[in-house]
Each structure stands twice: as structure tokens, then as C-alpha cells.
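Trainee: What shape does this take:
(one chain, ligands or ions: 1)
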Amino acid sequence: MKRIVILISGRGSNMEALVRACAAQAWPARIEAVLSNRPDAPGLAFASRVGIATAVVDHRAHGSREAFDAALEQAVQAFRPDLVVLAGFMRVLGPAFVARFAGRLLNVHPSLLPAFPGLHTHRRALEAGCHVTGATVHLVTAELDCGPIVIQSAVPVRPGDDEQALAQRVLATEHVIYPLAVRWFVEGALDVSGGRVRHRAGEPQWYFG
Ligand code: GAR
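Mentor: Okay, here's the model as predicted:
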């Protein structure tokens, strides 16, 4: 059984999708803990309700980014994870943390990376006049919103879409591709080489939402 730790900062709908898929599809994995950098993250209540351990490492209680990262690393490591999953975790993690969990640290980002790393992705996609946007699940490397891509969803931008409408449709696809990516990881179905991720059996690494 692979041990998974999920990091959140807020709502936690991706975390919830992962928890449900793990149970429903009987992954060879267990979600050991959900950690948040915000004590008031709504997602913590769901995790507690379904009997998953929760912990908070409040970034405001640490004097520097490095001190926060070190405290988070310790809290995560206490659960001895095989995989650490960032699910709406809104703090940038420093190189020491990333190195500690290299190769077993996944993130979901609401754009078709490498387009629009960082914040306000939907607003920026609309401003740029994109006709297609989406979401990306990737292995985390030291550079922000970068790293080998596991799977992407493509979502059409419809006339009249605003930031919220687009965010909602992209999020619905995140709930499909993130559980798929994490399942592939825990099943050992992914090959990573030369900065690319390939599903060993050739499963499509895209999804049209
Ligand atoms: C998701 O859309 C996720 O892609 C995004 O935050 C949202 C979290 O929602 N993450 C990032 O922007 C990270 N760069 P959730 O808390 O309901 O899962």
C-alpha cells in the first residue's frame, strides 16, 4: 500500500475527489493525512469527517519561507509518504522541500502549462483571447508550476465565459485528471525519463472536458 499525503490551502475539492476515487476504485494506496497551511481551510472538515488525519502548519507562524518549509517537511515526513499531492496548495515550496520529495511530488495547476504559471490563470487566458484552456497535473520541480507533465485536460473557452464560469468548467476536469494521475502513480504505471512522463501501457494523457 502506497502512502499518500495531500496538502491543501482552501476548499479542497480536488482532495475530496482523490479521497473518493481512492476508496471507490480500491487503489493500492491509503490517504494517510491531509495537511493545510491555513487553519480555516474548509477542506480539513471533510478529511476529518471521513476519518483521515489532519494537521495544520500555519505559514503565518513562521518567520521565513525556509522555516515554514522545514516545519512542513517535518509534518509531512511524519506520515512517511510515498507520494505527496498538492491539491490547491497555494504556497510556493522552496528547493529544499522539493528536493526532499523529488519524483514523488505532484501538483495540479489550472492552465495548460507551460502557459500561465502562477496566479489568475483564467483571467489571463480570457485576456489573451485563448479558445482553449485547461488544467495540468505535473511532477513538481524547483521552478514554479513547472515539471514533467503527467496529464492535461483541454476545455473550450465559450463566448460569454467569465473567470468564474471558466474556473468551474476547468475544475470539473481537474476532478477527472487528478485522480487518474494519482492512480497511475500509485499503480507504478508511469515512466519518467528525459523530463517526460509516459504511461507504460499508452493510456491517453489528455482529457477533453
Ligand atoms: C484548483 O483549481 C487548483 O488547480 C488551483 O486551485 C484550485 C483549488 O481548488 N491550484 C493552483 O492554482 C495552484 N497553482 P480546490 O481547493 O477546490 O481543490
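
Trainee: longest helix in this protein, by residue count?
Mentor: Using DSSP state H to define each element, the chain has its longest helix at helix 163-186.

Trainee: and the residue of the chain found nearest the ligand, helix, strand or coil?
Mentor: Relative to the ligand, the nearest point of the chain is Gly88 (2.7 Å; C-beta to the nearest ligand atom). Where you see a C-beta, it was placed from the backbone N, CA and C, and this is true even at glycine. Classification of Gly88 using DSSP: H, G, I helix; E, B strand; the rest coil returns coil.

Trainee: got a list of what Arg91 touches?
Mentor: By C-beta atoms under 8 Å, 6 or more residues apart in numbering, the contact set of Arg91 is 9, 37, 59, 68.

Trainee: Thought Leu86 was touching the first one, still the case?
Mentor: Looking back up the chat, that one is Ser9. No. Taking contacts as C-beta atoms under 8 Å, Ser9 lies outside contact range of Leu86: 9.2 Å.

Trainee: And the two? Which one has more around it.
Mentor: In this comparison of Ser9 against Leu86, neighbours counted by other C-beta atoms under 10 Å, the higher total goes to Leu86 at 21 against 17.

Trainee: residues in this structure within reach of the ligand, list them.
Mentor: Residues of the chain lying close to the ligand by C-beta under 6 Å from any ligand atom are 8, 10-14, 87-88, 108-110, 135, 145, 171, 174.

Trainee: Lowest-confidence entry in these?
Mentor: Among those, Asp145 has the lowest pLDDT, at 94.

Trainee: any idea which element the closest residue to Leu86 other than its chain neighbours lies in?
Mentor: Leaving aside its chain neighbours, Leu86 sits nearest to Asn107 (4.2 Å; criterion: C-beta to C-beta, 6 or more residues apart in numbering). Here Asn107 sits within strand 105-109, counting by DSSP states H and E.
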